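# have a look; sequence and predicted model below, questions after that.
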Amino acid sequence: MKRSGSADLPLHGGFVPVWLAERMAKLGLAIVENILVDYGKDDLLRRLSDPFWFQSMGAVMGMDWHSSGITTSVLGALKRSVNPHSKELGIYICGGKGNHSRKTPEELLRIGERTGLDGNYLVRCSKLAAKVDNTAIQDGFQLYLHSFIVSDTGKWTVIQQGMSDATGTARRYHWHSESLTSFVNDPHTSIYGKNTGYILNMTDKQADSSRNGVMQIASEKPEYMLKEISKLVLPSHHDVRAEDLDLKRLGAILWLAQEKQPKDFEDLLLLQGLGPRTLQSLALVSEVIHGTPSRFKDPARFSFAHGGKDGHPFPVPTKVYDETIGVLQTAVYKAKLGNNEKNEAIKRLTNIAQAAEKDFIPNANFEKVIEQERENSWKYGGRTVKGWARPKQEPQLKLF
């Protein structure tokens, strides 16, 4: 068993307001359903095990693009929206933060009874993944969140997160059941981060005797750790900066939405009626659904779909958010009835934007783009945890 990746995130307080939480649940379900329709359950689990894709999904859902809160909020939204449809979708989400994480075993046993899966085996996998990251590897991060996502075929992904008071950061760990062999025989692709001194690593070859005595989950000596496959380290600054994203990719999206209207593309006739701002969001959401792994190395770019609840890079455009959800829901509904035209049109948004990147030369002022979004935010129902966006007040002349 190899951990599929991890992410280091700055700790971030605050809360998710109800108006955003409800939209996150709806958009999350729409994204999941679109992925299941086009790619299947195994691909959804693979995506969830990728820290870059997961962070990009959180950003496109309107969460602060770099904060630790993405993990809790996204998984909570998915659990609320997906689980009521688990029998139909074949996807079950267990666990969560704090007390919810401790309910994972009983949830998995109930799923086993409903689906015929070996619930006891799933419980064992859940506990071992947590033990490895919380006990076998003592790197200064104490786990406080554990989510276990399993399909009705028995394949699963684990996402868990720990907190370090010393560094003021959180570390998210991703696991994937693909090619499962052992939890202690070379369990990690690598553990990478800022060197803060020695750590206790019970999976190191020199800890063999201690591991057998304490863990009781290994019968063989672990090998040397392999090079890291997927490690995401996000900066401490809260604002979105040009260096945080691929300007060429973002520029192609803005060009498609703002300058080349859907009427210019024969393939996008089914999306007629969408304004340029909604098209911008839908193109980024389309990439989250249909993009390849290499497209998610700059999660900050996806915050240009629906902003962030704290106003970075701009307030959440609730009207655009709702229209995006509506388009995706309609596409899924029609696809289930055998009409894939709208679903295919959404997919082609990603293809067109990527094709535009080949010859696209970024020429827009990055700060100007953000400024324009903020100035127009009130038109789109812009909202943050502090309230609604308002039109910019023109300076008034004083009469003497």
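Received, thanks.
# same for the helix or strand containing Cys125, what does it pack against?
Element membership of Cys125, judged by DSSP states H and E, is helix 119-131. Where contact means 3 or more CB pairs under 8 Å, 6 or more residues apart in numbering; DSSP states H and E, helix 119-131 is packed against helix 104-115, strand 142-151, strand 156-164. Quick note: C-beta positions are derived from backbone N, CA and C, even for glycine.
# quick one: closest of the ones you listed to Ala305.
Smallest distance to Ala305 across the helices and strands packed on helix 119-131 (CB to CB): 21.7 Å, for strand 156-164.
# let me see the mean pLDDT of that closest one.
When pLDDT is averaged along strand 156-164, the result is 92.
# list of residues touching it?
4, 11, 45-46, 48-49, 54, 68, 71-72, 75, 101, 122, 125-126, 129-130, 133-134, 140-150, 169-177 (CB atoms under 8 Å, 6 or more residues apart in numbering).
# for stretch 42-51, same thing?
Contacts for stretch 42-51 (CB under 8 Å, 6+ apart): 4-7, 32, 35-36, 53-54, 57, 91, 149, 151, 153, 155-157, 159, 172, 174-178, 230-232, 293, 296.
# just the buried residues of the helix holding Cys125, please?
Gly119, Leu122, Val123, Cys125, Ser126, Lys127, Leu128, Ala129, Ala130, Lys131 (16 or more other CB atoms under 10 Å).
# same check, this time on stretch 19-32
Leu20, Ala21, Arg23, Met24, Ala25, Lys26, Leu27, Gly28, Leu29, Ala30, Ile31, Val32.
# among these, which one lies nearest to Lys319?
Nearest member of the buried residues of stretch 19-32 to Lys319, counting by CB to CB, is Arg23, at 11.0 Å.
# excluding its backbone neighbours, what's nearest that closest one?
Counting by CB to CB, 6 or more residues apart in numbering, Tyr321 is the residue found nearest to Arg23 once chain neighbours are left out, at 5.2 Å.
# isn't the one you found right up against His306?
Yes. Counting by CB atoms under 8 Å, His306 is a contact partner of Tyr321 at 5.2 Å.
# out of these two, which sits in the busier spot?
Using other CB atoms under 10 Å as the criterion, Tyr321 and His306 rank with His306 on top: 29 against 26.
# for the stretch 201-350 of the chain, what spans make up the strands?
231-233, 316-317 (DSSP state E, counting those that start in this stretch).
# if you average pLDDT over each of those, which is lowest?
Going by mean pLDDT, the lowest-scoring of these is strand 231-233, which has a mean of 77.
# centre of the chain to that one, how far?
Distance of strand 231-233 from its chain centroid, counting by CA atoms, centre = their mean, to the nearest Å, is 13 Å.
# paired strands for that strand, with orientation please.
strand 3-10 (parallel) (DSSP bridges).
# chain center to the strand it pairs with: distance?
12 Å.
# could you export that strand as PDB, CA atoms only?
Extracted in PDB, the C-alpha atoms of strand 3-10 (Å, rounded to 0.1, in the frame of the first residue of the first chain):
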ATOM      1  CA  ARG A   3       0.100   6.600   0.200                       C
ATOM      2  CA  SER A   4      -1.000   8.500  -2.900                       C
ATOM      3  CA  GLY A   5       0.100  11.900  -1.700                       C
ATOM      4  CA  SER A   6       0.000  14.500   1.000                       C
ATOM      5  CA  ALA A   7      -0.500  18.300   1.400                       C
ATOM      6  CA  ASP A   8       0.800  20.900   3.800                       C
ATOM      7  CA  LEU A   9      -1.600  23.700   4.500                       C
ATOM      8  CA  PRO A  10      -1.600  26.800   6.700                       C
END
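# that concludes my questions; thank you for your assistance.
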